[in-house]
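A.B. asks: Predicted structure and sequence below. I'll ask about it afterward.
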Amino acid sequence: MPPPAAGKRDVVWADGLRGIASVLVVTAHITRSLVPHLLAPAMSEKLPPTFFQLPFVRCLVMGRASVAAFALLAGYVNSLSALKKARAGNTEAALQGIAKSAFRRTGRFVTPAVIATTLSWLLCQFGAYRIANISSSNWIRDTSPGPSSSFAMAFYDLFKNLGTTWLNGANEYDRIQWTLTYLLKGSMMTYLTLFATVYVKPKWRMIICAGLYYFKWKSGDSLVGFNVFCGIILAEVSLDRDIQEAVDRHPYLRMVGSACCIVLGLFFCSYPEEKPEWARWSDFETKLGHYMFPQGVEYARYYPGLGSNVLTLGVMFNDTAKKLLSQRFFLFLGKNSFPIYLIHAPMIRTVLTWVLFGFSKRPDNGKDDKGHQLPPGWLPVASTWVCLIAIPVFYVFLYRVANLWSNYVDPFCGRVTQWFEDLVFRDDAKTASEKPLLLQ
């Protein structure tokens, strides 16, 4: 793979990081489906942890840090081009790019989500979730709706869920789409901040964004708010020549400092979603959180957000990490990150569920005290060996489908957005280029 152009170098590692985050989202939902006990730091208060419950390792089976990373990278990548132009004094081009990108963002978010929801709706109405509805996995069962009661009601349910996805995040056919509303808000928050500060001197813009970061931190907006402003600040830092020269003058400190940030970020991201008091390290993080976080917030949201902030800071100043994330494999993951996010849950509830539960037999629960037959139990999961073989194959199949989505569905969504843009924009509006940004 040839080295990226100068402008591309600023974001290519971010694509790789986004790709890893999307993989971890899938892993997290498979974990919730099959081994939800891994969400705690130990098997019980008195039992030792398993391997995947250990700090750092457990980052592989947790997904909340990934959502925070999506928001952070949205702030970073969406602001980079406008900040470059503003720093060069080309504010007119910066404002034009902000306006065009903000207009396009809704279409690039909504159109693929509508297609994904419609496909999941079709799967539901034709009974593809039937096995999922009777599986022993609580997460799979709870996220798998049943067919509508009538033909007319089916279309009513579809249009209702297409609307509520963006009103309150509710989508019965793909419940993980609740995050898209917040990520779209995060993108608009980025554009609004850039619009308001495009004439501000760079150092003052960083101070303003730092103040907004603090405001979002104190107000409890851990999902998107402070992560987006962290991304804007990191974009400013990456473009600031004085900061870069100061860091480059101390290569040893840069190497050690960035490595420490990566390790510390992973440690923060390891904070368990359940029962943090069951392990000393997570109990220590809970006590530390009393001094760092606002009162009454959910630490299992704040720690992954803080961890993704510190981790990304470390990666940005670590040439080895950036070079690793710029490899073709990670760029492939980044290219398919949005398709993966949209299609992985329906495919878990269909393809993976059929393989892991479809060949099992529902257990007979016998009869009650009055001699009436009790309903059969839930379908048990297949053996460990079947899971160990089926899950890696599922990942390969999932990414094959996601790559087809990237090659065919994404360009179609882009054409739809471009058509609408040509329809409503003035003839004298110049076309501003936009990079294919995923999950922003």
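C.D. replies: Arrived safely.

A.B. asks: Please verify my assumption that Val77 contacts Val11.
C.D. replies: Yes - counting by CB atoms under 8 Å, Val77 sits close enough to Val11 to count as a contact (5.3 Å). Placement of C-beta: from N, CA and C, glycine included.

A.B. asks: For the stretch 1-150 of the chain, just list every one of the helices.
C.D. replies: 6-34, 64-87, 91-125, 130-133, 138-142 (DSSP state H, counting those that start in this stretch).

A.B. asks: got the angle for the third one vs helix 64-87?
C.D. replies: Translated: helix 91-125. Orientation of helix 91-125 against helix 64-87 (axes from the mean of the first three to the mean of the last three CA atoms, to 10 degrees) gives an angle of 150 degrees.

A.B. asks: Check which residues of helix 91-125 are buried.
C.D. replies: Neighbour-count burial for helix 91-125 flags 93-98, 100-105, 107-117, 119-121, 123-125 (criterion: 16 or more other CB atoms under 10 Å).

A.B. asks: and that helix, average pLDDT?
C.D. replies: Averaged across helix 91-125, pLDDT comes to 92.

A.B. asks: tell me which strands and helices that helix is in contact with?
C.D. replies: Applying 3 or more CB pairs under 8 Å, 6 or more residues apart in numbering; DSSP states H and E, we find helix 91-125 packed against helix 64-87, helix 151-167, helix 178-197, helix 337-347, helix 410-424.

A.B. asks: Return the set of buried residues in the helix or strand where Thr320 lies.
C.D. replies: Here Thr320 sits within helix 319-325, counting by DSSP states H and E. Applying a neighbour-count criterion of 16+ other CB under 10 Å, one finds Ala321, Lys322, Leu325 buried in helix 319-325.

A.B. asks: Return the closest of those with respect to Leu404.
C.D. replies: When these are ranked by distance to Leu404 (CB to CB), Leu325 comes first, at 24.3 Å.

A.B. asks: Please look at that closest one and Gly16 and confirm they touch.
C.D. replies: Yes - if you go by CB under 8 Å, Leu325 and Gly16 touch, sitting 3.2 Å apart.

A.B. asks: Could you dump the buried residues of helix 319-325 into TSV and include pLDDT and distance to Trp178?
C.D. replies: Shown next, in TSV, are those (pLDDT from 0 to 100; distance: CB to CB, whole Å):
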residue	pLDDT	distance to Trp178
Ala321	94	31
Lys322	94	32
Leu325	95	28
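
A.B. asks: Return the closest of the residues you listed with respect to Val200.
C.D. replies: Minimum distance to Val200 across the buried residues of helix 319-325 is 28.2 Å, recorded for Lys322 (CB to CB).

A.B. asks: Can you classify Glu236 by secondary structure?
C.D. replies: Of the three states, Glu236 takes helix under DSSP: H, G, I helix; E, B strand; the rest coil.

A.B. asks: Tell me who's in contact with it.
C.D. replies: With contact set as CB atoms under 8 Å, 6 or more residues apart in numbering, Glu236 has these partners: Ser79, Leu83, Pro202, Arg205, Met206, Cys209.

A.B. asks: which of the residues you listed has the most neighbours?
C.D. replies: In terms of neighbour count, Ser79 stands highest of the contacts of Glu236 at 29 neighbours, by other CB atoms under 10 Å.

A.B. asks: How about the backbone phi and psi for Ser326?
C.D. replies: phi -90, psi 0 (degrees, to the nearest 10).

A.B. asks: burial measure for the nearest residue to Asn138 once chain neighbours are set aside, as a count.
C.D. replies: Using CB to CB, 6 or more residues apart in numbering and skipping residues adjacent in sequence, the residue nearest Asn138 is Pro36, 7.2 Å away. Pro36 has 14 neighbouring residues, counting by other CB under 10 Å.

A.B. asks: Confirm for me that Pro36 is in contact with Asp142.
C.D. replies: No - counting by CB under 8 Å, Pro36 stays clear of Asp142, with 11.5 Å between them.

A.B. asks: can you list the weak-confidence ranges in this protein?
C.D. replies: Where the chain drops to pLDDT under 70, the residues are 1-10, 365-374, 427-440.

A.B. asks: got a list of what the residue nearest the centre of it touches?
C.D. replies: Residue closest to the average C-alpha location in the chain (CA atoms, centre = their mean): Val67, at 3.4 Å. Neighbouring residues of Val67 by CB under 8 Å, 6+ apart: Val25, Thr179, Leu183, Leu223, Pro304.

A.B. asks: tell me what the helix holding Thr320 is packed against?
C.D. replies: Counting by 3+ CB pairs under 8 Å, 6+ apart, helix 319-325 packs on helix 6-34, helix 299-316.

A.B. asks: which residues touch the spatially closest residue to Ile243 that is not a sequence neighbour?
C.D. replies: Nearest non-adjacent residue to Ile243, counting by CB to CB, 6+ apart: Val237, 5.5 Å away. Listed by CB under 8 Å, 6+ apart, the contact set of Val237 reads Met206, Ile243, Met316.

A.B. asks: Kindly provide the distance from Val237 to Asn318.
C.D. replies: 14 Å (CB to CB, to the nearest Å).

A.B. asks: same question, Val263
C.D. replies: Here the criterion is CB to CB. By it, Val263 lies 11 Å from Asn318.

A.B. asks: which of those two has more neighbours?
C.D. replies: When Val263 and Asn318 are compared for neighbours, Asn318 comes out ahead with 20 against 14, by other CB under 10 Å.

A.B. asks: That one reaches Cys260, doesn't it?
C.D. replies: No - applying CB under 8 Å as the test, Asn318 and Cys260 come out as separate, 10.3 Å apart.

A.B. asks: follow-up on the earlier one: please identify which of the helices and strands packed on helix 91-125 is closest to Trp385.
C.D. replies: helix 337-347 (21.8 Å).

A.B. asks: Please identify which of the helices of the stretch 1-150 of the chain is closest to Lys361.
C.D. replies: Using CB to CB, the helices of the stretch 1-150 of the chain put helix 130-133 closest to Lys361, at 12.3 Å.

A.B. asks: Which elements pack onto that closest one?
C.D. replies: Other helices and strands packing on helix 130-133, by 3+ CB pairs under 8 Å, 6+ apart, are helix 138-142, helix 353-357.

A.B. asks: which of the ones you listed is buried the deepest?
C.D. replies: Most buried of the helices and strands packed on helix 130-133, by mean neighbour count (mean count of other CB atoms under 10 Å): helix 353-357, with a mean of 21.
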